[in-house]
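> this one's structure only:
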Ligand SMILES: [Zn+2]
């Protein structure tokens, strides 16, 4: 468990690139909690920008997707291995939006 967490953390750090700070915590239900923060951007209350997602691989992917979009938006000149997943991240974002639309029209039919 601990070894696999350390291995995931290393992999996530490599993918996220030099601007990111990556941590994987254990949540209350012993699940992984992925936290990726930016070493350059500060948001409200002087806290660093960060993405925080619980879960297994889906949590990892959700946190990394947010990081990829953050890099594109705020650090367009930055290099990071995760940027190769930008098209996949955009596709997932698009699918999540469509699912949300579908749920909304199912809950509120014309
Ligand atoms: Zn940033």
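Thanks, I have the structure now. In this text, all values refer to a predicted model and were calculated from it rather than measured experimentally.
> just how off-centre is the helix or strand hosting residue 49 within its chain?
Taking DSSP states H and E as the criterion, residue 49 maps to strand 48-54. Mean-position distance between strand 48-54 and its chain equals 7 Å (Cα atoms, centre = their mean, to the nearest Å).
> How about residues contacting it?
Contact partners of strand 48-54, identified using Cβ atoms under 8 Å, 6 or more residues apart in numbering, comprise 21, 27, 31-39, 41-43, 59-60, 62-63, 66-67, 70, 74. The C-beta positions use only the backbone N, C-alpha and C, and glycine is treated the same way.
> Next, residue 76: phi, psi?
Here is the backbone geometry of residue 76 (degrees, to the nearest 10): phi -60, psi -20.
> Against residue 108, how distant is it?
38 Å (Cβ to Cβ, to the nearest Å).
> ditto for residue 49
Distance from residue 49 to residue 108, by Cβ to Cβ: 34 Å.
> follow-up on the earlier one: near the ion, which of the contacts of strand 48-54 show up?
38, 41, 74 (Cβ under 5 Å from the ion).
> Please identify which helix or strand holds the residue lying closest to the last one once chain neighbours are set aside.
Closest residue in space to residue 74, ignoring its immediate chain neighbours: residue 41 at 5.9 Å, by Cβ to Cβ, 6 or more residues apart in numbering. Assignment of secondary structure by DSSP H and E places residue 41 within strand 32-42.
> In three-state terms, how would residue 25 be classified?
Assigned by DSSP: H, G, I helix; E, B strand; the rest coil, the conformation of residue 25 is strand.
> got the contact list for it?
By Cβ under 8 Å, 6+ apart, the contact list for residue 25 reads 32-33, 35.
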